[in-house]
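Chemist: this one's sequence-less:
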Ligand SMILES: Nc1nc2c(ncn2[C@@H]2O[C@H](COP(=O)(O)OP(=O)(O)OP(=O)(O)O)[C@@H](O)[C@H]2O)c(=O)[nH]1
């Protein structure tokens with residue numbers, strides 16, 4: 001670290017201006033002035049910088065300007081945009097989040113850019129930093145929040161991740177979590193943590209988290225220095241050493257879904273009423289995103305489910321088959337497909353009515369679901385035709401499944417009206433994926449086997465190619 005005059009003389013581009021005059025100006029300026037060399041090492045800071053960031057000259061000796069940034073990505077990003085020898089513009093105005101020596105983060109207006117010598121060569125960089133007023137900081141964060149919510153290229157999960165990063169930046173607290181509460185268990189759904197020490201899916205006992213207080217209060221709350229608070233014996237402090245925390249319940253459709261919270265192993269400044277209001281706003285926005293995600297998931301499940309039986313519909317079971325065919329090709333494991341069709345089903349409709357036919361279809365779907373392995377997938381292909389996908393299964397396994405189903409059907413009366421039941425027989429076609437099969441040819445062979453079973457008198461299994 002050098003006095004301004006020395007520092008300036010190290011930057012040949014400034015020799016035409018009296019360095020001592022510059023030093024006088026910089027010493028008087030209320031804005032922080034940081035001068036860096038071409039490699040972004042700090043060569044000069046004025047007294048306002050030392051006051052604003054809380055560093056002594058000696059702390060900054062040999063440091064790159066990265067020391068000032070709240071987010072290391074911003075240092076890299078600014079290097080690409082402005083602080084590089086080929087940067088086009090001279091001085092530029094922008095807003096940036098910075099970190100002080102004590103860890104507190106603040107938003108500031110910055111005017112900075114490249115210093116060039118008379119020949120136009122870059123010899124260093126300069127930045128003037130003025131902290132934004134609290135209201136400006138809130139407006140900046142609100143603008144960013146709006147940009148996230150309105151971004152059509154992000155899905156709900158990407159938006160929640162971006163909101164976590166935004167909140168962590170706003171509060172200056174590096175750990176951000178969106179949790180779901182399952183009874184007494186706190187499950188991490190989304191998180192940001194500096195050392196990647198936390199990942200989605202991690203579970204904790206709710207009483208061991210600060211969020212238990214947030215949920216009890218049912219509103220945003222914060223602790224800025226746990227060691228000096230009445231909860232210094234809290235298991236979360238004892239286990240994780242988190243000194244500061246701000247969190248809020250997340251409501252989805254009027255019910256508590258989980259929590260949004262930000263925390264740090266370092267103490268921070270006391271939280272203001274505005275912080276708590278802002279916390280609520282973030283939690284409400286996340287709640288809205290979770291609701292969106294749930295609606296999207298419900299819609300997609302509906303689009304893939306057969307309404308009558310609850311089984312996968314034709315589209316969904318075809319997707320399963322596509323995936324399983326590709327998987328079987330890669331793994332070399334066998335794959336069988338079983339096609340099932342209720343015999344003389346039309347008679348049930350004709351005799352007891354369509355509603356009775358529906359009942360029989362639902363009862364058969366329940367039998368199918370009850371008799372499959374965890375990995376097998378069943379679907380209704382249409383009408384009274386059903387498909388069972390049997391991964392990792394050859395023809396003998398497929399035969400066994402068909403036999404079991406036909407045996408169950410033979411001894412299971414299905415109710416068609418009050419006091420009346422029928423037993424229904426099954427025709428079945430079975431095919432194993434062959435080396436030359438495509439999905440279409442496999443389905444075609446299963447279909448032909450089923451047709452053969454029907455033509456051969458029903459109540460039987462026919463295997464493709466036999
Ligand atoms: N209740 C009900 N009936 C359906 C549904 N979908 C298709 N069907 C009826 O299923 C019957 C199928 O008749 P067919 O194709 O002649 O078959 P089948 O009577 O079972 O005769 P085989 O298959 O040759 O043994 C038709 O009467 C369709 O109207 C449904 O969702 N609910």
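Modeler: Thanks, I have the structure now. Note that the structure is a prediction, hence the values are computed from the model and not measured.

Chemist: in the stretch 301-450 of the chain, what residue comes closest to the ligand?
Modeler: Here the residue of the stretch 301-450 of the chain nearest the ligand is residue 357; by C-beta to the nearest ligand atom that distance is 2.5 Å. (Glycine included, C-beta is placed from N, CA and C.)

Chemist: which element is that residue on?
Modeler: In the assignment (DSSP states H and E), residue 357 maps to helix 354-371.

Chemist: packing partners for the helix or strand just after that helix?
Modeler: Once the chain leaves helix 354-371, the next helix or strand it forms, by DSSP H and E, is strand 377-382. When contacts are defined as 3 or more C-beta pairs under 8 Å, 6 or more residues apart in numbering; DSSP states H and E, strand 377-382 sits against helix 314-331, helix 354-371, strand 385-391.

Chemist: which residues does the second one contact?
Modeler: This means helix 354-371. 308-311, 340, 342, 345, 348-349, 378, 380, 384, 386, 388, 401, 404-405, 408-409, 412, 414-417, 422, 424 (C-beta atoms under 8 Å, 6 or more residues apart in numbering).

Chemist: change it to 7 Å
Modeler: Applying C-beta atoms under 7 Å, 6 or more residues apart in numbering, the contact partners of helix 354-371 are 308-311, 342, 345, 348-349, 378, 384, 386, 388, 404-405, 408-409, 412, 414-417, 424.

Chemist: tell me the mean pLDDT over it?
Modeler: Computed over helix 354-371, the mean pLDDT rounds to 95.

Chemist: do the same with the last one
Modeler: Averaging the model's pLDDT scores along strand 385-391 yields 97.

Chemist: quick check: domain ranges of this protein?
Modeler: 4-132, 137-302, 314-463 (automatic domain parsing).

Chemist: which ones are touching residue 130?
Modeler: Taking C-beta under 7 Å, 6+ apart as the criterion, residue 130 is in contact with 31, 108, 109.

Chemist: returning to that earlier point: ranking the helices and strands packed on strand 377-382 by burial, who's on top?
Modeler: strand 385-391 (a mean of 23; mean count of other C-beta atoms under 10 Å).

Chemist: tell me what that one is packed against?
Modeler: When contacts are defined as 3 or more C-beta pairs under 7 Å, 6 or more residues apart in numbering; DSSP states H and E, strand 385-391 sits against helix 314-331, strand 335-342, strand 377-382, helix 395-410.

Chemist: can you add distance to residue 54 and give those back as a markdown table?
Modeler: Output for these, formatted as a markdown table (distance: least, C-beta to C-beta, whole Å):
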| stretch | distance to residue 54 |
| --- | --- |
| helix 314-331 | 57 |
| strand 335-342 | 66 |
| strand 377-382 | 61 |
| helix 395-410 | 71 |
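
Chemist: Throw these into CSV and include mean pLDDT and distance to the ligand, thanks.
Modeler: Listed next are these as CSV, based on pLDDT from 0 to 100; distance: least, C-beta to the nearest ligand atom, whole Å:
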stretch, mean pLDDT, distance to the ligand
helix 314-331, 95, 12
strand 335-342, 97, 5
strand 377-382, 94, 7
helix 395-410, 95, 13
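
Chemist: out of the ones you listed, which comes closest to residue 221?
Modeler: For residue 221, the closest of the helices and strands packed on strand 385-391 is helix 314-331, at 44.2 Å, according to C-beta to C-beta.

Chemist: let me know the angle separating that closest one from strand 385-391.
Modeler: 20 degrees (axes from the mean of the first three to the mean of the last three C-alpha atoms, to 10 degrees).

Chemist: residues in contact with helix 314-331?
Modeler: Helix 314-331 is contacted by residues 304, 312, 334-335, 337, 377, 379, 381-382, 387, 389, 391, 433, 439, 442 when judged by C-beta under 7 Å, 6+ apart.

Chemist: among these, the buried ones, what's the ChimeraX command?
Modeler: In ChimeraX syntax, the buried subset of the contacts of helix 314-331 is picked out as below (16 or more other C-beta atoms under 10 Å):
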select :304,312,334,335,337,377,379,381,387,389,391,433,442
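
Chemist: residues contacting the most centrally placed residue in the chain?
Modeler: Using C-alpha atoms, centre = their mean, the residue of the chain that lies closest to the mean C-alpha position is residue 157, 3.9 Å off. Residues near residue 157 by C-beta under 7 Å, 6+ apart: residue 293.

Chemist: please redo it, this time with the cut-off set to 10 Å
Modeler: Going by C-beta atoms under 10 Å, 6 or more residues apart in numbering, residue 157 touches 189, 190, 200, 289, 290, 293.

Chemist: just the buried residues of the helix or strand containing it, please?
Modeler: For residue 157, the host element (DSSP H and E) is helix 156-171. Buried positions in helix 156-171, judged by neighbour count with 16+ other C-beta under 10 Å: 156, 159-171.

Chemist: ok, and of the residues you listed, which contact the ligand?
Modeler: Among the buried residues of helix 156-171, no residue is within reach of the ligand (C-beta under 6 Å from any ligand atom).

Chemist: could you identify the most distant pair in the residues you listed?
Modeler: The most distant members of these, if one measures by C-beta to C-beta, are 156 and 171, lying 22.3 Å apart.

Chemist: what about residue 179, how many neighbours?
Modeler: 25 (other C-beta atoms under 10 Å).

Chemist: ok, back up a step: which pLDDT value goes with the residue nearest to the centre of the chain?
Modeler: We have a pLDDT of 95 for residue 157.

Chemist: with residue 115 instead?
Modeler: What the model reports as pLDDT for residue 115 is 91.

Chemist: just checking, it is part of a strand?
Modeler: Yes - with DSSP: H, G, I helix; E, B strand; the rest coil as the criterion, residue 115 is part of a strand.

Chemist: distance of residue 214 from the ligand?
Modeler: For residue 214, the distance to the ligand equals 49 Å [C-beta to the nearest ligand atom, to the nearest Å].

Chemist: so who does that residue touch?
Modeler: Listed by C-beta under 10 Å, 6+ apart, the contact set of residue 214 reads 220-222, 245-249, 256, 259-261, 279, 283.

Chemist: nearest residue to it other than its sequence neighbours?
Modeler: Nearest in space to residue 214, with sequence neighbours left out and distances taken as C-beta to C-beta, 6 or more residues apart in numbering, is residue 247 at 4.3 Å.
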